[in-house]
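Trainee: next comes the sequence, and after it the predicted model I'd like to discuss.
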Amino acid sequence: MSSVIYGITTCDTVRKARKWLGAEGIDARYHDLRKDGLSAETLDHWMAHQPLDILLNRRGTTWKKLPDSDKASEDEAHLKALILDNPTLLKRPIIEHGERVTVGFTPVVQEALKSV
C-alpha cells in the first residue's frame, strides 16, 4: 500500500513518525511541505477527510506570527488560502495511508496505520 507522509524536516514529530513507519515496514514517500509545497487539490482531499480545525495548527509559530485580522477569521476560504500560502500552518505529520488521512502522530494514529 502506498503512503505519503507530509511534514517539515525540522519537526521532531515528523522525524519520529518517519522512523516508526520504517520500523513497521510501512513504505511511505516523504513530502516536505516547505520544499515541495502544497496544492489546493491535496488540501481539498484532506479537508474531505478531516475538519479544518483538526488540520490547522493554531498553536504553532507560523500562526502566532499572522496578523490578528487573519487569526480572527473563521471563513473557510480565507483559512484555506492562508494554509496554501503558509503550509507550515498545518498540524504535522499528515499521513495519507490508503484511503485514510491522519493528522498528528498519537498512539491512536499508529493503531490506525497498522490496521489498514
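Mentor: On my side now, so go ahead. Only a predicted model underlies this, so the values are computations on that prediction, with no experimental measurement involved. Residues are numbered from 1 along each chain as shown.
Trainee: all contacts plus neighbour counts: C-alpha atoms, from now on.
Mentor: OK.
Trainee: residue contacts, I8?
Mentor: Going by C-alpha atoms under 8 Å, 6 or more residues apart in numbering, I8 touches 14, 32-34, 88, 92.
Trainee: gap between it and A77?
Mentor: When distance is defined by C-alpha to C-alpha, to the nearest Å, I8 is 24 Å away from A77.
Trainee: let me know the pLDDT of I26.
Mentor: I26 is assigned a predicted lDDT (pLDDT) of 89.
Trainee: what's the farthest-apart pair in the contacts of I8?
Mentor: Distances among the contacts of I8 were taken as C-alpha to C-alpha; the most separated pair is V14 and R34, at 13.2 Å.
Trainee: tell me which of those two has more neighbours.
Mentor: Shown here are V14 and R34; by other C-alpha atoms under 10 Å, V14 has more neighbours (22 against 14).
Trainee: list the buried residues for the lowest-mean-pLDDT helix or strand in the chain?
Mentor: Least confident element among the helices and strands of the chain, by mean pLDDT, DSSP states H and E: helix 107-114 (a mean of 90). Going by neighbour count (16 or more other C-alpha atoms under 10 Å), the buried part of helix 107-114 is 110, 113.
Trainee: and what of stretch 71-83?
Mentor: 79-80, 82-83.
Trainee: and the strands in this structure?
Mentor: 3-7, 28-32, 94-97, 100-103 (DSSP state E).
Trainee: so for W63, which of these sits nearest?
Mentor: Of the strands of the chain, nearest to W63 by C-alpha to C-alpha is strand 3-7, at 16.0 Å.
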